[in-house]
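In: Pasting the sequence and the predicted coordinates here, then a few questions.
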Amino acid sequence: MAKPVSIEVWNPNGKYRVVSTKPMPGTRWINLLIEQDCRVEICTEKKTILSVEDIIALIGNKCDGVIGQLTEDWGEALFSALRRAGGTAFSNMAVGYNNVDVNAANKYGVAVGNTPGVLTETTAELAASLSLSAARRIVEADGFMRAGLYDGWLPNLFVGNLLKGQTVGVIGAGRIGSAYARMMVEGFKMNLIYYDLYQATRLEKFVTAYAEFLKASGEKPVTWKRAASMEEVLREADVISLHPVLDKTTYHLINKERLAIMKKEAILVNCSRGPVVDEVALVEHLRENPMFRVGLDVFEDEPFMKPGLADMKNAIVVPHIASASKWTREGMATLAALNVLGKIKGYPIWSDPNRVEPFLNPNVPPPAASPSIVNSKALGLPVSKL
Ligand SMILES: NC(=O)c1ccc[n+]([C@@H]2O[C@H](COP(=O)([O-])OP(=O)(O)OC[C@H]3O[C@@H](n4cnc5c(N)ncnc54)[C@H](O)[C@@H]3O)[C@@H](O)[C@H]2O)c1
Ligand SMILES: O=C(O)[C@H](O)CO
């Protein structure tokens, strides 16, 4: 029997019981649930990552829906427990849902929500920050200053890479990959090469139009290319940023062999999921190629790093904070709550999960729909006409 977990309760007399496995930023998400007759229970347990047993204890005997986190293992055990408690709604407070076994959710008739769109620019901005920090060796230089080692300007001190005119490579040019590509192309006049299973038409149009603008202003135009293979991107790009989903096709997408074909002075950024990179191979590559640099927001065995990574001066490591802006995190909480609420109330599914702005305006009530349910087709849920 698992130990009872500590909770904070809002609107104790609400008809529907909704559990959040973590406190989340802002209060709009709580108010939206309360206004629609939900009793909201928030787990306040100090431990960062809840176990399956902890969450089963939280679900209890009666639970209509759960808002969970990407650190939790949502599979057979949790979906069956939720269904036994009468629940049919779950939402990750994340766009990525590789921690969720969607087949198990389908088996128990539980809708699975995620939070696309609201974190696109915030995540792309962190990827851009890591690209710049790695190119200009910001973290190393900061450490040098703080250690009292600076004794005057020198021609060779912390010389890094100029981005202008270099090639940025994007693997996975979906929402975030495309936003990052635009930042790097427009902000630093980089040429673009990308690889994705699908054509990124809007991105291509943007770069074409920007190239024409530069040409008309008498500047060298930027170029773009959709690569036929990922290897083409790895060989040609100076900065490579990874933005695919994590699934069987992208596990260890970057391995020893693929690292070996990258330029010796290339920069690799990962703000997708840790297992997209073989981290042991990466540490070895960083050790053997001191001019190769990485910026990592995610790790293969989070919260841990593979041995040796923390000692590498050519690696910048941050703790999975790519979506961590106040507006975005409050918006993610809102979308996750509305996913769960929508299913409980029998609302339809929003027709375009790439266009979630109507749910994010705090001054107007949100549409009566679930913003993004990834298994809506499998469950035969109706789509909103809005
Ligand atoms: N570090 C963070 O905090 C953070 C924040 C947000 C998202 N993410 C991660 O980023 C991922 C992408 O988010 P998004 O909103 O841009 O999703 P998205 O679905 O818009 O984009 C993913 C892209 O990956 C492409 N893709 C899939 N398999 C591929 C393969 N084998 N090779 C190349 N491309 C492939 C898809 O075609 C798609 O265009 C999420 O799934 C999540 O794991 C991380
Ligand atoms: O998938 C996601 O949304 C992130 O990893 C957290 O923002």
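Out: In hand now; what should we look at? Ligands and ions are numbered 1, 2, ... in the order given.

In: Can you pull the residues of the protein lying near ligand 2?
Out: Leu70, Ala94, Val95, Gly96, Leu119, Ser323 (CB under 6 Å from any ligand atom). Glycine gets a C-beta too; all of them are placed from N, C-alpha and C.

In: Pick the one among the residues you listed closest to ligand 1.
Out: Of all the residues of the chain next to ligand 2, Gly96 has the smallest distance to ligand 1: 2.7 Å, by CB to the nearest ligand atom.

In: quick revisit: how about CSV for the residues of the chain next to ligand 2, with distance to Ser131, pLDDT and secondary structure added?
Out: Below are the residues of the chain next to ligand 2 laid out as CSV (distance: CB to CB, whole Å; pLDDT from 0 to 100; DSSP: H, G, I helix; E, B strand; the rest coil):
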residue, distance to Ser131, pLDDT, secondary structure
Leu70, 23, 98, coil
Ala94, 22, 98, coil
Val95, 21, 98, coil
Gly96, 20, 98, coil
Leu119, 18, 98, coil
Ser323, 17, 98, coil
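
In: Quick check: buried residues in stretch 92-107?
Out: Across stretch 92-107, burial judged by 16 or more other CB atoms under 10 Å covers 92-102, 104-105.

In: and it, how far from the chain's centre?
Out: How far stretch 92-107 lies from its chain's middle: 14 Å, per CA atoms, centre = their mean, to the nearest Å.

In: Near Tyr16, how many other residues are there?
Out: Counted with other CB atoms under 10 Å, the neighbours of Tyr16 add up to 22.

In: ok, now Asn270?
Out: 26.

In: out of everything not next to it in sequence, what's closest to it?
Out: Leu242 (4.7 Å; CB to CB, 6 or more residues apart in numbering).

In: Pro366 now?
Out: Nearest residue to Pro366, sequence neighbours excluded (CB to CB, 6+ apart): Phe359, at 4.5 Å.

In: In terms of helices and strands, where is Ile34?
Out: Assigned by DSSP states H and E, Ile34 belongs to helix 28-35.

In: What residues of that helix count as buried?
Out: Arg28, Trp29, Ile30, Asn31, Leu32, Leu33, Ile34.

In: which one among the residues you listed gets closest to ligand 2?
Out: Closest approach between the buried residues of helix 28-35 and ligand 2, by CB to the nearest ligand atom: Trp29, at 15.2 Å.

In: you'd agree Ser91 is up against Val110?
Out: No: at 10.3 Å, Ser91 and Val110 do not qualify as touching, with contact defined as CB atoms under 8 Å.

In: and the helix holding Ile34, C-alpha only, in CSV?
Out: Taking Å, rounded to 0.1, in the frame of the first residue of the first chain, the C-alpha atoms of helix 28-35 are listed here in CSV:
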residue,chain,number,x,y,z
ARG,A,28,-6.3,30.8,-14.4
TRP,A,29,-6.2,27.0,-14.9
ILE,A,30,-7.6,26.4,-11.4
ASN,A,31,-10.3,29.1,-11.8
LEU,A,32,-11.4,27.7,-15.2
LEU,A,33,-11.9,24.2,-13.6
ILE,A,34,-13.6,25.6,-10.5
GLU,A,35,-16.0,27.7,-12.6
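
In: now the strands for the stretch 251-386 of the chain?
Out: 267-270, 293-296, 315-317 (DSSP state E, counting those that start in this stretch).

In: Pick the most deeply packed of those.
Out: strand 267-270 (a mean of 28; mean count of other CB atoms under 10 Å).

In: Is that strand in proximity to ligand 1?
Out: No: Strand 267-270 does not reach ligand 1 (CB under 6 Å from any ligand atom); its nearest approach is 8.2 Å.

In: for that strand, packing partners?
Out: Other helices and strands packing on strand 267-270, by 3 or more CB pairs under 8 Å, 6 or more residues apart in numbering; DSSP states H and E, are helix 120-135, strand 239-242, strand 293-296.

In: and the residue nearest to Pro366, how far is that from Phe206?
Out: When distance is defined by CB to CB, to the nearest Å, Phe359 is 25 Å away from Phe206.

In: re the thing from before, with neighbour numbers in mind, choose between Ser91 and Val110.
Out: Neighbour totals were compared for Ser91 and Val110, and Ser91 leads with 33 against 25 (other CB under 10 Å).

In: Am I right that that one is in a strand?
Out: Yes: counting by DSSP: H, G, I helix; E, B strand; the rest coil, Ser91 is part of a strand.

In: What's opposite it in the beta bridge?
Out: Here Ser91 sits in beta bridges with Ile67, Gly113, going by DSSP bridges.

In: Asn156: neighbouring residues, count only.
Out: Asn156: 5 neighbours (other CB under 10 Å).

In: and the residue of the protein nearest ligand 1?
Out: For the chain, CB to the nearest ligand atom, closest residue to ligand 1: Gly174, 1.9 Å.

In: got the helices and strands packed on strand 267-270 as CSV, with mean pLDDT and distance to Glu76 columns?
Out: Converted to CSV, those look like this (pLDDT from 0 to 100; distance: least, CB to CB, whole Å):
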stretch, mean pLDDT, distance to Glu76
helix 120-135, 98, 30
strand 239-242, 99, 30
strand 293-296, 98, 31
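
In: So which residues of the stretch 251-386 of the chain form helices?
Out: Taking DSSP state H, counting those that start in this stretch, the helices of the stretch 251-386 of the chain run over residues 256-260, 279-288, 326-345, 376-379.

In: Using a markdown table, lay out these together with mean pLDDT.
Out: Below are those laid out as a markdown table (pLDDT from 0 to 100):
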| stretch | mean pLDDT |
| --- | --- |
| helix 256-260 | 98 |
| helix 279-288 | 98 |
| helix 326-345 | 98 |
| helix 376-379 | 98 |
